[in-house]
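Q: any chance you could fold what I've pasted below:
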Amino acid sequence: MKKQVNTISSLEKLFEDSQERDFQEIGTVIKISDGVCRVFGLNNAVFGELIEFDSGNKGIILDLDEDIATVVLFDRFAPVKEQEVAHRSNSIFKIPVCNALLGRVVSARGMPLDSKEELSDITMMPIEINAPGIIERVPISEPLETGTTIVDSLIPIGKGQRELVIGNRQTGKTTFLIDTMLHQKGKDVICVYVAIGQKKSTIAKLIETLSSNGSLDYTIIVSADAQEMSLNHFIAPYSGSTIAEFFMRQGKDVLIIYDDLTNHAIAYRELSLLLRRPAGREAYPGDIFYIHSRLLERAGRFTAEAGGGSISAIPVIQTQCDDISAFIPTNLISITDGQIFFDTSLFNNEVRPAVNVGLSVSRVGGAAQTKAIKKVSGALKLELAQYKELSAFAQFGSELDHSSQRILDRGKRAIEVLKQLRFKTYSFVDQSLFLWLLKEDFLDTLPMQHIKDFVEKYSNYVKTLYPEIYNSIKKSEDLSDDITKELKKVAREFTIAHVHQGK
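A: This next block holds a predicted model:
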């Protein structure tokens, strides 16, 4: 009899515990405004947890008080009302990842936005994790080719590097990023493009461009378009980073592009103001630096124990009136390993890509370059700097000595070599041949308008008639003395043929 009473007591206690636990798993909406819900009763909820509402909407906890959890909603089309019941998911927010994501367009929540089949064999991964430590990282030593000559020769990007792209609107930043993605074809690099706050038409054009060039197969697009709630804009880059980490842990090289973090910062500022957090400089919250640093710290090149792959991050920041000393730009400059600055005046003067070499820098530098590019681009940055200084001086109409005129002419020819059409990229072999012609003075007597055509035809000439030289450079990634001698012979031969062809 005593044993039966004890059994009944334990069952009652178990029932009471389960009732209490069930009661604590749900809450009640006591206030709703601007996509932000105040929910009472979620006593055991944690920061970042996914909350589900009876209306079908979902949200994430971004603030916790003693009795009230503040939930920010994902969707504006499933309205949540006061006194509605909110359910805990008992899990922080996660997104589905799998190999089938390649070639797909997904939302910030990881849901497919295209009309292809449903994802299968998925793994749920949290959008926020601690970045790997120093011990789990290895030095950056492999170049990530962008196919853009001025970047690969003067501001190189390495696999695992974080390189900021910065500039005003309509200066060619996104064009450069698209060219970079197109250039990864056949290079075993997976691209993740995160579109934050962009128009649907812009994203549709990007998809069409990638698809028509056969580059969508190794690309994943994470889209949080302009019509979506601020929360989707905020979580989109973290979701993209989680997808990149999934492939990195398979030992693959991943390039992730955040276009752009200006919209991301604006979305977080909006969320913070709605959450009534104290505003700081330019009304941004005090933790905006941490928001971006914890995102970009997830990039790098990692040891075999940490996955063995690499994540190269290219965040984009939009400036106003070329002001790179504003709050968000200076934050990102201090977080990243260098920046590529796109200049409005260069763009308006038909210099494309409009990269300002003086304000651009790569803190990885020569470690992310092949020996061939290093040998031909060593003095190029100095020549361009001298040209910029003298060209400003020459505008006053002063007579210049012969050496100054030589520097001006040299700079103009270098700029012509570095110009590049949209959607046209070059391998490091082609780039090294272009710059070798410049370095060895084969372009000094050519008319300016013929320089680009000359260097491109010379590269094709070597590739077609002397494939052993071209393939030797490609294999060794170097311009040896023997190869240089052969190139000089071919260059003289090509110059004569080119002159006769011109006549």
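
Q: could you use CA atoms for every contact and neighbour count after this?
A: OK.

Q: return the distance of the helix or strand containing F341 from the chain's centre.
A: F341 is part of strand 338-342, with elements assigned from DSSP states H and E. Put simply, strand 338-342 sits 13 Å off its chain's centre (C-alpha atoms, centre = their mean, to the nearest Å).

Q: after that strand comes which helix or strand?
A: Assigned by DSSP H and E, the successor of strand 338-342 is helix 344-348.

Q: any buried residues in that next one, and which?
A: Neighbour-count burial for helix 344-348, counted by 16 or more other C-alpha atoms under 10 Å, picks out 344, 347.

Q: just the CA trace of that helix, in CSV.
A: Listed next in CSV are the C-alpha coordinates belonging to helix 344-348 (Å, rounded to 0.1, in the frame of the first residue of the first chain):
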residue,chain,number,x,y,z
THR,A,344,33.8,58.7,-58.6
SER,A,345,36.1,61.1,-60.5
LEU,A,346,38.0,58.2,-62.1
PHE,A,347,34.7,56.6,-63.1
ASN,A,348,33.4,59.8,-64.6
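
Q: pull the residues that contact it.
A: Helix 344-348 has contacts (C-alpha atoms under 8 Å, 6 or more residues apart in numbering) with 167-168, 171-172, 322, 352-356.

Q: apply 7 Å and report the result again.
A: 168, 171, 354 (C-alpha atoms under 7 Å, 6 or more residues apart in numbering).

Q: who touches the strand holding F341?
A: Applying C-alpha under 7 Å, 6+ apart, the contact partners of strand 338-342 are 163-167, 171, 173, 333, 354-356, 359-363.

Q: nearest to S403, of those?
A: Taking C-alpha to C-alpha as the measure, S403 sits nearest to N356 out of the contacts of strand 338-342, at 24.1 Å.

Q: hmm, the closest one is touching D322, no?
A: No. The criterion here is C-alpha atoms under 7 Å, and N356 misses it with D322 at 11.1 Å.

Q: helices along the stretch 301-450 of the chain, start to end?
A: Ranges of helices in the stretch 301-450 of the chain, per DSSP state H, counting those that start in this stretch, are 327-335, 344-348, 371-377, 380-394, 402-418, 428-439.

Q: now render these as TSV, adding mean pLDDT and distance to M111.
A: Output for the helices of the stretch 301-450 of the chain, formatted as TSV (pLDDT from 0 to 100; distance: least, C-alpha to C-alpha, whole Å):
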stretch	mean pLDDT	distance to M111
helix 327-335	96	29
helix 344-348	94	37
helix 371-377	94	42
helix 380-394	86	45
helix 402-418	91	41
helix 428-439	96	38
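
Q: and those, which is most packed in?
A: Neighbour counts (mean count of other C-alpha atoms under 10 Å) averaged over each of these peak at helix 428-439, with a mean of 23.

Q: packing partners for whatever helix or strand comes next after it?
A: The element immediately downstream of helix 428-439 (helix or strand, assigned by DSSP H and E) is helix 451-465. On a contact count with 3 or more C-alpha pairs under 7 Å, 6 or more residues apart in numbering; DSSP states H and E, helix 451-465 meets helix 402-418, helix 428-439.

Q: could those helices go into CSV alongside distance to A108?
A: Shown next, in CSV, are the helices and strands packed on helix 451-465 (distance: least, C-alpha to C-alpha, whole Å):
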stretch, distance to A108
helix 402-418, 37
helix 428-439, 35
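
Q: which one of those helices lies nearest to K452?
A: Across these, closest to K452 is helix 402-418 (C-alpha to C-alpha), at 5.6 Å.

Q: so what touches the closest one?
A: Contacts of helix 402-418 from elsewhere in the structure, counted by C-alpha under 7 Å, 6+ apart, are 149-150, 383-384, 387, 390-391, 434, 448, 451-452.

Q: before we move on, what about stretch 133-152?
A: By C-alpha under 7 Å, 6+ apart, the residues outside stretch 133-152 that reach it are 157-160, 180, 183, 300-303, 306, 367-369, 418, 425-427, 431.

Q: buried ones only from the residues you listed, please, as a ChimeraX command.
A: A single ChimeraX command selects the buried members of the contacts of stretch 133-152 (16+ other C-alpha under 10 Å):
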select :157,158,159,160,180,183,300,301,302,303,306,367,368,369,418,425,426,431
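
Q: okay, now S480: neighbour count?
A: By other C-alpha atoms under 10 Å, 14 other residues sit near S480.

Q: got phi/psi on S91?
A: When read as degrees, to the nearest 10, the backbone of S91 gives phi -150, psi 140.

Q: for I60, same thing?
A: Dihedral pair for I60: phi -120, psi 140, per degrees, to the nearest 10.

Q: give me the nearest residue to it, chain neighbours excluded.
A: Counting by C-alpha to C-alpha, 6 or more residues apart in numbering, I60 lies nearest to L50, which is 4.8 Å off, once chain neighbours are set aside.

Q: the one you found contacts S89, correct?
A: Yes. Between L50 and S89 a contact is recorded at 5.8 Å, counting by C-alpha under 7 Å.

Q: quickly list the domain ranges of this protein.
A: Domain assignment of the chain by automatic domain parsing yields the ranges 21-92, 96-369, 375-502.
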